[in-house]
Structures are given as C-alpha cells and as structure tokens.
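Visitor: task: produce atomic coordinates for the following.
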Amino acid sequence: MDDLTRPLHDRFGFSAFRPGQEQVIRAVLARRDTLAVMPTGQGKSLCYQLPATLLPGLTVVVSPLIALMQDQVEALRRRGIQAAAFHSGLSEHERDRVIQSLRLQQLKLLYLAPERMQHDAFLRLLKSCLVSLLVVDEAHCVSQWGHDFRPDYLKIGRLREELRTPPCLALTATATRRVQDDCCDRLRLHDPLRLVMGFRRRNLALSVRPCRSRAEKLSELVRLVDASPEGTIVVYCATRRAVEEAAGYLSQSRRHVGFYHAGLSDEERRLVHENFQRGAVRILLATNAFGMGIDKPDVRLVVHFDVPGSVEAYYQEAGRAGRDGRPASCVLLFHERDLGTQEYFIQQAATDGGGSERADRMRTLLQDMIAYVLGQSCRQLAILEYFNDDQELAEGRCGLCDRCLASSSTNHTVFRSGPQTSARALLETVSWCGGRFGVGRVVDIVRGSRSKELLSYGADRSPAYGSARTESKTAVTRTLRQLIDEGYLRVEGSEYPTIGLTKKGVDALAREESVTISSQSRMAHGQAEQSYTPQRPLQTAPIMDPVLFERLRRLRTELAAEEGVAPFVIFHDKTLRLIAHQKPSTRAALLEIPGIGETKVERFGRRVLEVVNGDG
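Guide: Okay, here's the model as predicted:
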C-alpha cells in the first residue's frame with residue numbers, strides 16, 4: 001500500500017507513525033525478515049498489529065508473558081480486530097474456544113506462549129492455518145547473551161519450519177550487537193532488515209544513588225516516594241524477600257502499596273496486576289517477574305532497590321517510566337553488597353544446568369552493569385553507546401542525569417598511596433595475564449582471591465597478587481574502568497571480553513609515571529547524590545481546560561468500570577488533554593484527535609461529546 005496512514009488512523013486512531021514504525025511495517029508487508037530493536041514505549045506492537053489487519057490469514061505472536069497477551073488481546077478486540085491468546089492459564093473451555101476459532105479461521109492474531117510449541121497436536125492445527133507472519137516478541141529471550149534467556153525460545157526455529165517458513169519479525173526493547181547476531185542466527189532470519197533506534201529517552205532523568213547500608217536504602221526510598229506525589233511508582237528488587245521487606249516498610253505509613261513476585265499464586269499475581277493497571281495500587285514493589293510488556297503510561301518514578309544483573313534488564317525496567325512522554329525519574333540505589341546477590345544468581349545458573357559458560361556470560365553482563373553504575377559520563381550517552389545507537393549519540397549529553405547535573409569534578413593521581421595504589425597493581429596484573437582474563441578475574445587476582453580456578457592458573461604467582469586486599473571489589477573495579485576510559489587498558493573480543501595493555505599502559509609501567517584520571521568527586525567518594533529537578537522543560541503540554549479534563553477523566557473511569565478494563569485502555573491522559581484543549585463538538589472533529597479511531601468513536605464518541613458540549 002502506498003498510504004498506510006489511513007488504516008493506521010481507522011484501526012488504531014493515530015494520525016502519524018512514530019520513528020521507525022513505518023519502515024518496519026513496510027518490510028513486513030514486503031515479506032522480508034526483520035529484527036527491530038526499539039526501546040520500551042516506542043510502539044513495537046503496532047509493527048505487527050497493523051500488518052496483521054492487512055495480510056491474509058493469521059499472524060502468530062510468540063510472547064512470554066500471559067499478562068501482556070491478555071492486555072493486547074483485549075485492546076485489539078475493542079478495536080474490532082479478532083485476536084486470542086493460547087497459554088497455560090486458560091480454562092479448558094477457553095482453550096476449546098481458541099481452538100474452534102482457529103479451525104474456523106476467524107482469527108487475525110494469535111498470541112502463543114512459548115511452551116505451547118512443544119504440543120504436536122496444536123502444531124498440526126496451526127499448520128492447517130494460513131500463517132502469513134510469525135512474530136517473536138521479547139526476542140532477546142532466544143539468546144544466552146540476553147538478560148532473560150528462556151530455553152523454550154530455542155524451539156521457535158522448529159516452529160517456523162513447521163509453519164512452512166513464513167516471514168519473521170523479531171522485536172525486542174534491549175539487544176546489544178552480539179544479542180542481535182544471536183537472534184538472527186537462532187531464528188534463522190534470511191537477509192533481515194535490522195533497525196536499531198530510539199534508545200534516547202528525552203523525558204527520563206537517570207541517576208545512581210550510592211547508599212552505605214540497607215537501612216539507608218529504605219530511608220532513601222521513602223524520600224523518593226514522598227517527593228513523587230503524582231502518578232504511579234514501580235520499585236524493582238532483586239529477591240522476593242527484599243520485595244516484601246520494602247513493601248512492608250512503605251505500607252506502615254502509606255496506602256495503595258502492593259507487591260508482585262513469582263512466589264505468589266497465579267490468582268494473586270492476576271489481582272495485583274489488575275489493581276496496578278486500574279490505579280488501585282499506586283506503589284508497586286516487584287521482582288523482574290513483573291516486567292516485559294507492561295504498558296502503563298503514568299509511571300512517574302522507577303526505583304531499582306538492588307542493582308540488576310545487566311544493563312539490558314536495567315534499561316528495559318527503567319523504560320517503563322514516562323511512557324506518556326512527560327518527565328519521569330529513574331533512580332538506582334547502589335550498595336556494593338548488592339553484588340553478592342547477583343553473584344549468587346550466577347552460581348545458581350551454573351549449577352542449574354547453565355554450566356560455566358552461562359555463568360561467565362552472566363558475569364560479563366554484570367561487569368557491564370557495574371561499569372554503568374561507576375561510569376563518569378552522561379548516563380544517556382552510556383546507554384546509547386552500550387546499544388550502539390550511533391544516530392542518537394550524535395545529539396550529545398542529556399542534561400538531566402546525575403552526571404550531567406553534577407557541577408564539581410576533580411582530578412586525582414592514581415599512582416600514589418591510599419585507595420588508588422591498585423592502579424599500578426592492575427596494570428602489572430594485566431601485563432602478567434597476557435590477555436587471558438576479563439575484568440572480574442583481573443580484579444580477583446589483585447584482591448588475592450583463593451579461587452581454585454584462579455590458583456590453578458598460578459594467579460598467586462602474579463607480582464601484584466593480593467596487593468589490594470584491603471580495598472573493596474567495587475573500588476578496584478572502578479579504578480580498572482577508569483584506566484580503560486583513559487586509554488591505559490583496552491577491552492579485546494566481544495563474546496568473552498578480555499583486558500589488555502595499550503601502548504600508553506605499557507609506557508606507564510616502563511617509566512613508572514603518574515597518571516591523572518578525571519572523576520566526579522561525589523561518586524568517587526561514595527557520597528549519595530542530592531535530589532535534583534530537571535533544568536529545562538522536557539515537553540510542553542497543550543493549554544487545556546482543567547475542569548473539562550477532570551470531567552473527561554471521570555467519564556473514562558466510568559467507561560473502564562463498565563468495560564472491566566484499565567482506564568488507559570479506554571483513553572490515555574494525552575488523548576484527554578488534547579480533547580480538553582481542542583474541545584471537538586462533532587464526531588468528525590473527534591476523529592481528528594490522535595489516539596481516537598473509528599472503533600472508539602463508535603463505542604464512546606457520543607458520551608465524550610456530551611461531556612465536551614456540557615450535556616453529560
């Protein structure tokens with residue numbers, strides 16, 4: 001089709017595509033395999049939902065989260081698009097209805113849980129359908145380098161063959177170059193279009209707050225919650241115990257607090273999710289079990305109470321803030337003992353069948369996360385560099401994060417007594433290793449680790465072995481990263497990165513010269529950052545009638561209760577603000593509002609116009 005904006009407006013109520021969407025959709029309609037890496041909030045689901053309405057037959061979407069499937073299916077049905085989900089949470093009657101709909105070829109989209117792919121009878125049923133497109137949502141799950149690897153995803157290649165190799169669209173919010181390569185290989189994509197864009201989130205203020213104890217973390221969490229009187233708050237914790245501890249602490253003096261983790265029953269998780277979506281839970285504490293695909297537009301604050309295991313996991317979870325385009329904050333509370341929890345997860349992965357290779361990959365991802373926490377550059381630039389978003393790197397610093405707003409920086413000499421004595425030891429150790437080891441093992445040697453594996457390499461014979469025993473792992477890792485940033489060390493290889501000396505590093509060792517490294521003084525000394533507010537406006541909302549806006553919000557609440565859905569499924573706040581600004585008085589004028597299509601005008605238009613015209 002030459003003009004895709006008409007079906008975009010008629011089916012989905014949008015007047016224009018977001019960056020990247022039309023390019024992906026046209027590739028899909030041309031039957032080309034496609035890998036799209038677009039961060040949370042960029043509108044990835046439209047990239048297959050719109051083609052599904054234009055292609056013949058069925059679009060199959062492999063998705064890992066039941067809650068996401070249900071939300072998508074409900075939203076599609078309200079737009080008059082026949083969709084269903086097939087997963088283990090359905091009753092026998094519900095499963096029979098989906099199977100009957102498939103047999104009668106009544107569906108345009110089928111959301112499929114990955115474990116369903118191993119059922120031969122169901123595969124035979126799918127093979128009898130005309131499958132025009134196979135979509136792999138959260139495609140990073142297929143890669144062991146991805147932050148949420150799922151073995152069931154490895155069966156997607158077989159599923160595609162069983163369905164006679166339809167075009168494949170792989171979507172993910174977070175994938176480094178090596179994860180992208182892995183996805184293309186494991187999903188058997190042929191000459192795919194690769195689109196990587198949109199990682200800069202201009203409305204998010206990213207920051208890291210160092211904390212000296214868990215008690216200080218809880219106090220800081222309370223302060224952050226109290227400083228965010230509007231919107232929804234999501235707090236991510238590494239363990240179930242931490243979730244319940246923090247939730248209990250906040251519940252003592254605050255209402256509308258809930259928690260979510262894999263230890264709850266299916267029914268308990270469903271209720272928490274529903275209460276969160278409709279606003280009955282304002283502050284939600286959760287593990288990463290609450291995650292992919294959550295589409296709530298009014299999240300004003302995301303707090304990471306514990307350090308995540310990878311930059312990918314961090315940015316996907318942080319990206320759930322500010323999906324309505326308004327300013328939001330993302331704060332990571334960092335205490336170096338958090339690393340012990342992640343190390344436990346790594347050891348568990350090794351013993352649970354992942355093996356040492358899986359553990360090594362997870363450890364590399366954690367080291368990248370530590371580098372982000374300790375990094376001295378703009379937080380947004382660090383993210384863009386990590387995901388190789390060269391297009392948006394050119395825009396420069398964000399001006400919002402803690403690094404950009406920190407005003408004071410100092411220089412210090414690293415080859416002196418005190419905490420920086422590890423710098424020379426690190427260079428000497430890297431020289432002794434001869435390019436065999438990565439960041440974690442180099443740091444362990446300098447700190448005198450008694451690991452059997454390291455000792456088997458003769459690490460205790462390194463001239464600098466144990467010379468930094470009194471320094472924390474975090475401090476030594478920070479110094480090593482600074483040496484990389486300043487060009488004394490380099491990272492070699494991509495799959496299993498190792499550390500080597502540069503010419504500058506070799507010269508520094510030979511001449512025993514001093515090295516000056518620039519750092520932010522507050523972070524270098526482990527002091528918590530002060531609270532801050534953005535120094536420039538992020539987005540200007542249209543001037544609107546505030547009384548009309550509140551009346552529209554009340555109508556939306558009524559409609560949501562009648563439909564049994566979350567309010568934002570009816571209309572987003574952004575749409576209500578535009579109505580309160582433009583005050584459309586006719587059905588045609590209402591259709592001009594972005595976010596309202598023919599289906600919603602048919603269902604809700606009369607009552608909206610009554611409110612706008614003062615009749616409701």
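Visitor: contact partners for Leu109?
Guide: Counting by CB atoms under 8 Å, 6 or more residues apart in numbering, Leu109 touches 48-49, 52, 58-61, 73, 76, 81-84. Where you see a C-beta, it was placed from the backbone N, CA and C, and this is true even at glycine.
Visitor: for this structure, longest helix please?
Guide: Longest among the helix segments of the chain by residue count, using DSSP state H, is helix 355-374.
Visitor: what does that helix contact?
Guide: Contacts of helix 355-374 (CB under 8 Å, 6+ apart): 144-145, 147, 208, 307-312, 314, 332, 334, 339, 342-343, 345-347, 349-350, 379, 382-383, 386, 438-440, 474, 477-478, 481, 496-497, 523.
Visitor: show the buried residues in those.
Guide: 145, 147, 208, 307-312, 314, 332, 334, 339, 342-343, 346, 349-350, 379, 382-383, 386, 438-440, 474, 477-478, 481, 523 (16 or more other CB atoms under 10 Å).
Visitor: before we move on, the earlier item: can I get the contacts of Leu109 in a markdown table with secondary structure and neighbour count?
Guide: Shown next, in a markdown table, are these (DSSP: H, G, I helix; E, B strand; the rest coil; neighbours: other CB atoms under 10 Å):
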| residue | secondary structure | neighbour count |
| --- | --- | --- |
| Tyr48 | helix | 25 |
| Gln49 | helix | 24 |
| Ala52 | helix | 25 |
| Leu58 | strand | 23 |
| Thr59 | strand | 24 |
| Val60 | strand | 25 |
| Val61 | strand | 25 |
| Val73 | helix | 19 |
| Leu76 | helix | 22 |
| Ile81 | coil | 19 |
| Gln82 | coil | 16 |
| Ala83 | strand | 22 |
| Ala84 | strand | 22 |
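Visitor: out of these, who's nearest Leu123?
Guide: Taking CB to CB as the measure, Val60 is the one of the contacts of Leu109 closest to Leu123, at 11.1 Å.
Visitor: contacting residues around the closest one?
Guide: Counting by CB under 8 Å, 6+ apart, Val60 touches 109-110, 112, 126, 131, 133-135, 163.
Visitor: before we move on, the earlier item: of the contacts of helix 355-374, which belong to helices?
Guide: 311-312, 314, 339, 342-343, 345-347, 349, 379, 382-383, 386, 439-440, 474, 477-478, 481, 523.
Visitor: run the chain-centre distance for stretch 79-99.
Guide: The chain centre lies 28 Å from the centre of stretch 79-99; the measure is CA atoms, centre = their mean, to the nearest Å.
Visitor: which of the residues in that stretch are buried?
Guide: Buried residues in stretch 79-99 (16+ other CB under 10 Å): 79, 81-87, 90, 98.
Visitor: and if you look at stretch 14-30?
Guide: Neighbour-count burial for stretch 14-30 [16+ other CB under 10 Å]: 14, 17, 20-25, 27-29.
Visitor: just checking, which of those belong to helices?
Guide: Among the buried residues of stretch 14-30, the members falling in helices are 21-25, 27-29 (criterion: DSSP H).
Visitor: can you redo the residues you listed as CSV with distance to Arg424?
Guide: Output for those, formatted as CSV (distance: CB to CB, whole Å):
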residue, distance to Arg424
Gln21, 52
Glu22, 55
Gln23, 51
Val24, 51
Ile25, 56
Ala27, 53
Val28, 55
Leu29, 60
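Visitor: and the residues you listed, which is closest to Glu562?
Guide: Gln21 (31.3 Å).
Visitor: that closest one: what's it in contact with?
Guide: Going by CB under 8 Å, 6+ apart, Gln21 touches 42-43, 46-47.
Visitor: equivalent analysis for Leu384, please.
Guide: Contacts for Leu384 (CB under 8 Å, 6+ apart) come out as 199-200, 392-393.
Visitor: before we move on, what about Val608?
Guide: 552, 555, 579, 590.
Visitor: and for Leu381?
Guide: For Leu381, the contact set (CB under 8 Å, 6+ apart) comprises 393, 396-398.
Visitor: how far away is it from Ser472?
Guide: Separation of Leu381 from Ser472 (CB to CB, to the nearest Å): 27 Å.
Visitor: how about Gly375?
Guide: Looking at Gly375 against Ser472, where the rule is CB to CB, the gap reads 17 Å.
Visitor: more crowded one of those two?
Guide: Set Gly375 next to Ser472 and count neighbours by other CB atoms under 10 Å: Gly375 wins out with 20 against 15.
Visitor: on that earlier part again, buried ones in the longest helix of the chain?
Guide: By neighbour count with 16+ other CB under 10 Å, helix 355-374 contains the buried residues 358-374.
Visitor: and Glu343, what's its pLDDT?
Guide: Per-residue pLDDT puts Glu343 at 85.
Visitor: check contacts around it.
Guide: Going by CB under 8 Å, 6+ apart, Glu343 touches Leu366.
Visitor: tell me where the stretch 401-550 of the chain has helices.
Guide: With helices called from DSSP state H, counting those that start in this stretch, the stretch 401-550 of the chain shows them at 402-405, 422-433, 439-446, 452-456, 473-485, 503-511, 521-524, 546-563.
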